[in-house]
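Peer 1: I would like the atomic coordinates for the input below:
(2 chains)
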Protein chains: 2
Amino acid sequence: MAKATKPAGARRKATAAKLPADMTASEAVAAIRNGELTSEALVSSCLERIDALEPQVKAWAFLDRAHALDQAREADRVARTGAGFGALHGVPVGIKDVIDTADMPTEAGSALFKDYRPREDASCVAALRAAGAVIMGKTVTTELASSTPGVTRNPRNVAHTPGGSSSGSAAAVACGMVPLAFGTQTAGSVIRPASFCGIYGFKPTLGLISRRGVLLQSHTLDTIGVYGRTVEDLALVAEAVGVHDAADPVSINAARPRLTEIAGGEPPLPPLFAFVKTPAWDMMADIAREAFGELVGELGGRVVEVEIPSLAQAMECQRIVQSAENAGYYGLFRERAPELLSEGMTERLKSGARVAAQDYIRAVNMRETIYDAVEELLSQYSAILTPSSLGPAPKGLASTGDPVMNGMWTYLGVPAVTLPLLEAEGMPIGVQLIGARRDDGRLLRSARWLARHLAGEV
Amino acid sequence: MAKATKPAGARRKATAAKLPADMTASEAVAAIRNGELTSEALVSSCLERIDALEPQVKAWAFLDRAHALDQAREADRVARTGAGFGALHGVPVGIKDVIDTADMPTEAGSALFKDYRPREDASCVAALRAAGAVIMGKTVTTELASSTPGVTRNPRNVAHTPGGSSSGSAAAVACGMVPLAFGTQTAGSVIRPASFCGIYGFKPTLGLISRRGVLLQSHTLDTIGVYGRTVEDLALVAEAVGVHDAADPVSINAARPRLTEIAGGEPPLPPLFAFVKTPAWDMMADIAREAFGELVGELGGRVVEVEIPSLAQAMECQRIVQSAENAGYYGLFRERAPELLSEGMTERLKSGARVAAQDYIRAVNMRETIYDAVEELLSQYSAILTPSSLGPAPKGLASTGDPVMNGMWTYLGVPAVTLPLLEAEGMPIGVQLIGARRDDGRLLRSARWLARHLAGEV
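Peer 2: Next up is the predicted model:
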C-alpha cells in the first residue's frame, strides 16, 4: 500500500557508531574538519561498501581503488598542514561516465568512446577537485546518456531498474558507495533515477553548473545535476560547483548562489505548494496516484492544486528539441560508425533526422513564452509539487522507465529537486519540487522544510 | 571601363556654400554645435532634396514632414537652452521600415503589417533619440526584409535596382535625403545596397547594436547596420547606438566601443590587407573582377591574396540557417495568411520548411569552427579585402541582386564595411573590408586609411 514515509536518510537503522560510508557529505566534511575522521577512513569505508555490493548493483564503469585512496591521503595531508579545507574536503564523489576526467577514462556507455581518455577535467570535476573532493570513479551511464540501459541494478531491489541515464550515480549514492554523485539530465535522467532508488536528486537551473567537458546531446536541454542523501548535501555540492564558466554559453554570469546558507535557513513563512498533476498524471501507476493523494491530504492547507495549461506543449517541445539535437550531435556517429550504436539509439536518431528545422526552431522559441506562465505561478507559490516519476521503479532491466514527468521541467530550464518521501510496494517514489529559474536556494529551502515537516520536525 | 575612383563623398561638385543636405553627419553635428547651422535648416534642406528626388527614387515608406520639423525644432530648442548636445544632435536619420518606431507606422514592406503602429521604439531607435537625432521617417524595405523588391530605384541610375533589402535607406543616403540611415542584414542587405548605390555601409559585429524591436527573420544572422557618406559618419552613428541591451540575447555585454576615436586615428602601421576572392569570385561580372584587379595592383605591397578554404562551407551554412529560421519565424504567416505573402516569399518558405533540424543544428554549430580560422587569419592582417557585390547594380527592378558576397560574413558575425571606391560603366562597386569580431574600431580605421590612401591623402 502507498504511504508517505520518513526521508530515506532517516530510514537506516541508527547505530551508536555510524559507518563513515553511511554519513552524509555534510557530516563527513564536519568530521574531517574536526579531526574526528580522515578522508582515507571515509574512502576506505565506501570502498568496503562497494566491495560488498558492487557484484549485485554494478554501479561503476571505472574504479581504481588505489587512486581513490591516494587522493584521500593527499586530502588528509593537506588538512594536517593546515593549508585550508575545501567545502567538500576529503569527500568522495561518483562521476557519471559522460563527464570528462583527466585521470580516468570517460566511455559514455558506448563502444564509440571505448578507452577514451580526456585530456582535461570537465569544469564541474575541476570545481570538485578545487573544493577538495576525492573523485571516486566513473559511474555507469546508459548508452550516450540516452535510453539504452547499462548494467546497473536498483539497490533497493536488484530485479528493478535503477532508472537512467544516470543509473550508476543514483544507485551508488542509494547504497552508501559514495555520499555524492553527479548526473546529467536532458529529459529525466537525474530526477527519475533518484526517485527509483530512493535518494535526493537535484537538477539546478540550466546554467548553474557548467557543461564544459560533458558529452553534448542537446545544448538546449543538457543539465548537470547532483545526488545526495539529504537536501543539505545537495546544496553543499551544488554550491561548490555552481560557478560561472564563460566556456559554456548558457552558464549564468552571476555570483555563486549561497545555497547552503539559504537552504539551511527557515522559510519566512511555511511554504505553500502548487500541486500540479501535469498532462502525464493519467499515465501514472494507480498506487503512485494514491500515494500522492495521501501526501496532498497530509499537507492540508499548505498545498493547492493548480493546472498549467501550457505544460502539454512544453512536453511536446522537449521531445522535439531532444530528438532534433540528438540527431544533430549523435547523427555523425550513425553516419560514421553505425555498427557501434545500439538498435534503439539508431532508431531514435533516424526519428530525430526527420524533425523539420522550422518545428525545432519554434519548439526552442516557445520556451520563454511557456516559462513566463510558470514564473508567474511561482510568484504565488513557494514551489510546484509534482511526481518525480510515473511510479516506483519498473521491474526488469530492459527499460530505465519513462522520463515524461521530468522532460517539461528540463525544457523550461527550471530547478527541480526530488525527495524520497513516498513508498509503494516496498519501492520508493520521489516527490518533485520545481522552482523559478535562478531561485535554487529557495527551492532547496522549501524541499528541506517539506522533508522535515513530513518527518514531524516542523 | 573599370576604374578605382575617389570616394563618393568627394565626387559631388564642391561649391562655396555646401547645401546642408550635402553635409556629412559629422560636419552637420559640428555646425549645429557651433551655432552655424540649425537642425531645422538641415532637416528642411533634406526635405527639399526629398521633394525633388522622391518621385523618381521612392525611398520612403513613411514620411511626415511636420513631425520631422517638430523634432528638429525641439533639438534646436534644447541646444539654445544649453542643456547639452547628443552625439547626433539635430541630425536626421532614415529608419528601415522593419525597425519599430513608436511615433510612426512600421509596415515591413508587407501587407501583413499594414498600418501596424508599434507601441515602443526599437532599442536602436531609442538610442538614436537619446543621442539627439531626428527620426526622419521610415525607408522602403523589400517584403519582410527578404528578396521580393519594394518600389525604390537606384539614385545613381533609376533604371537599376538599389539592392535590398535595405533599399530605401541606401538610396536615401546616396542622394542626400538624409546623411545617415539604418539597415538590417541577414545575408547581404546592408552591404550590397551600399555597394550598388555608391555609399559607405557598415554591418558591425553581431551583438554591437541591439535587435530588440526589429522584425526577426533569423536570430542567428539578423544584424543592424548603418549607412553614411564617410567612414567617420559610420563610426559616429554606430558608436551612438552600440550599447548593451539585455533584451537581445546576443547583445555584447561590454563597454561601448570608442569607434569615433579609434577610426579617426592613424594606424600604428599602414594596414596590410588579405585579398580574399571567396568561392563566389567566378560568379562576378568581368568588369568587376577587372576593377578589383586594378585596385589590388594599386595597393601593391599592402595586399596579399589569401584563400580561406572553409568559406564555401560558411556560404552553405548561411543559406541553411537563413532558410530554416525564415521558415521558423515567417512560416506562421504562410499558415495563417498565405494570401498576404508574395509568390517568391511563399516559395522561399516552402523551401525552408524542407530543411532538416539536424542539418540546421550542424550549420549553426559549424560557425565557431570556421570563425576560428578567420580569426587566426585576421591576427596576421589588418582586414580582409573582398568584393561587396558581384558587380554594379543590375539593371531593372525585378531583383535586388545576389547577396552571395555577404552571406558568409554575416554568418560568421564579423564586422563588414563597404567603401564606394570602384566604378564600372558609370555605376559604383563597393570594396568590402572584414574584421575580427568586436574589433569594429580597427576595421573602420583600416577602412578610413584605404579611402584616404586611394584619394592620395596618405
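
Peer 1: show me how far stretch A:437-450 is from its chain's centre.
Peer 2: 15 Å (Cα atoms, centre = their mean, to the nearest Å).

Peer 1: if you could redo that for stretch A:96-112, that was the one I meant.
Peer 2: Per Cα atoms, centre = their mean, the displacement of stretch A:96-112 from the mean C-alpha position of its chain is 18 Å.

Peer 1: which of the residues in it are classified as buried?
Peer 2: Buried residues in stretch A:96-112, counted by 16 or more other Cβ atoms under 10 Å in any protein chain shown: A:96-102, A:104-110, A:112. All C-beta atoms are positioned from the backbone trio N, CA, C, and that covers glycine.

Peer 1: you'd agree A:L295 is up against A:V431?
Peer 2: Yes. Counting by Cβ atoms under 8 Å, A:L295 does reach A:V431; the two are 6.6 Å apart.

Peer 1: these two touch, right, A:D121 and A:D100?
Peer 2: Yes. Counting by Cβ under 8 Å, A:D100 is a contact partner of A:D121 at 6.2 Å.

Peer 1: so what sits against both of these two?
Peer 2: Taking Cβ atoms under 8 Å, 6 or more residues apart in numbering or on different chains as the contact rule, A:D121 and A:D100 both touch A:G213.

Peer 1: after the helix or strand bottoming out on mean pLDDT in chain A, which helix or strand is next?
Peer 2: The weakest-scoring helix or strand in chain A, judged by mean pLDDT, DSSP states H and E, is helix A:8-11 (a mean of 44). Sequence order places helix A:25-33 as the next helix or strand after helix A:8-11, per DSSP states H and E.

Peer 1: mind giving me the packing neighbours of that following helix?
Peer 2: Judged by 3 or more Cβ pairs under 8 Å, 6 or more residues apart in numbering or on different chains; DSSP states H and E, helix A:25-33 is in contact with helix A:39-57, helix A:65-81, helix A:231-241.

Peer 1: of all those, which one is nearest A:G413?
Peer 2: helix A:231-241 (15.3 Å; Cβ to Cβ).

Peer 1: which is the next helix or strand following that closest one?
Peer 2: Next along from helix A:231-241, by DSSP H and E: helix A:259-264.

Peer 1: what about that following helix, average pLDDT?
Peer 2: For helix A:259-264, the mean per-residue pLDDT is 97.

Peer 1: stretch A:172-187 near chain B at all?
Peer 2: No. Figure legend: stretch A:172-187 not in contact with chain B (Cβ under 8 Å from any Cβ of the partner chain); closest approach 14.4 Å.

Peer 1: from the chain's centroid, how far away is that stretch?
Peer 2: On the basis of Cα atoms, centre = their mean, the separation between the geometric centre of stretch A:172-187 and that of its chain is 6 Å.

Peer 1: now swap in stretch A:58-67 and tell me
Peer 2: The answer for stretch A:58-67 is 20 Å, by Cα atoms, centre = their mean.

Peer 1: buried ones in it?
Peer 2: Residues of stretch A:58-67 classed as buried by neighbour count (16+ other Cβ under 10 Å): A:K58, A:A59, A:W60, A:A61, A:F62, A:L63, A:H67.

Peer 1: ok, the first one touching A:T152?
Peer 2: I take that to be A:K58. Yes. Under the criterion of Cβ under 8 Å, A:K58 makes contact with A:T152 at 5.1 Å.

Peer 1: between the two, what contacts are shared?
Peer 2: Counting by Cβ under 8 Å, 6+ apart, the contacts common to A:K58 and A:T152 are A:V140, A:G168.

Peer 1: distance check, the residue nearest to A:A102 when sequence neighbours are not counted against A:F202.
Peer 2: Leaving aside its sequence neighbours, A:A102 sits nearest to A:D121 (Cβ to Cβ, 6 or more residues apart in numbering or on different chains; 4.8 Å). Distance of A:D121 to A:F202, given as Cβ to Cβ, to the nearest Å: 21 Å.

Peer 1: these two: which is more packed in?
Peer 2: Shown here are A:D121 and A:F202; by other Cβ atoms under 10 Å in any protein chain shown, A:F202 has more neighbours (31 against 22).

Peer 1: and the more buried one, bridged to which residues?
Peer 2: Counting by DSSP bridges, A:F202 forms beta bridges with A:V226, A:V417.

Peer 1: contacting residues for it?
Peer 2: A:V190, A:G225, A:V226, A:Y227, A:G228, A:L234, A:A238, A:P415, A:A416, A:V417, A:T418, A:L444.

Peer 1: could you do A:I95 as well?
Peer 2: Contact analysis of A:I95 by Cβ under 8 Å, 6+ apart lists A:T101, A:M104, A:V125, A:I135, A:M136, A:G137, A:K138, A:T139, A:S169, A:A181, A:F182.

Peer 1: hmm, 10 Å instead?
Peer 2: By Cβ atoms under 10 Å, 6 or more residues apart in numbering or on different chains, the contact set of A:I95 is A:61-62, A:101, A:104, A:106, A:121-122, A:124-125, A:128, A:133, A:135-139, A:168-169, A:178, A:180-183.

Peer 1: just to revisit the earlier point, mutual contacts of A:L295 and A:V431, please.
Peer 2: Residues touching both A:L295 and A:V431 (Cβ under 10 Å, 6+ apart) are A:A4, A:F273, A:L385, A:P387, A:L421, A:L422, A:L450, A:L454.

Peer 1: need those in TSV with pLDDT and secondary structure, can you?
Peer 2: Below are these laid out as TSV (pLDDT from 0 to 100; DSSP: H, G, I helix; E, B strand; the rest coil):
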residue	pLDDT	secondary structure
A:A4	49	strand
A:F273	98	strand
A:L385	98	strand
A:P387	98	strand
A:L421	97	strand
A:L422	97	strand
A:L450	98	helix
A:L454	94	helix
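
Peer 1: farthest pair within these?
Peer 2: A:P387 and A:L454, at 15.5 Å, using Cβ to Cβ across the shared contacts of A:L295 and A:V431.

Peer 1: doesn't A:A398 lie inside a helix?
Peer 2: No. Counting by DSSP: H, G, I helix; E, B strand; the rest coil, A:A398 falls outside a helix, being coil.

Peer 1: check contacts around it.
Peer 2: A:A398 neighbours (Cβ under 10 Å, 6+ apart): A:T148, A:P149, A:T161.

Peer 1: pick the one among those closest to chain B.
Peer 2: A:T148 (19.7 Å; Cβ to the nearest Cβ).

Peer 1: pretty sure that closest one sits against A:L341.
Peer 2: Yes. At 8.8 Å, A:T148 counts as touching A:L341 under the criterion of Cβ atoms under 10 Å.

Peer 1: shared neighbours of the two, anything?
Peer 2: Listed contacts common to A:T148 and A:L341 are A:S110, A:R348; contacts here mean Cβ under 10 Å, 6+ apart.

Peer 1: could you count how many residues lie near A:G293?
Peer 2: The local packing of A:G293 (other Cβ under 10 Å) involves 11 other residues.

Peer 1: likewise A:Y411?
Peer 2: Quick note: A:Y411 (other Cβ under 10 Å) scores 31 neighbours.
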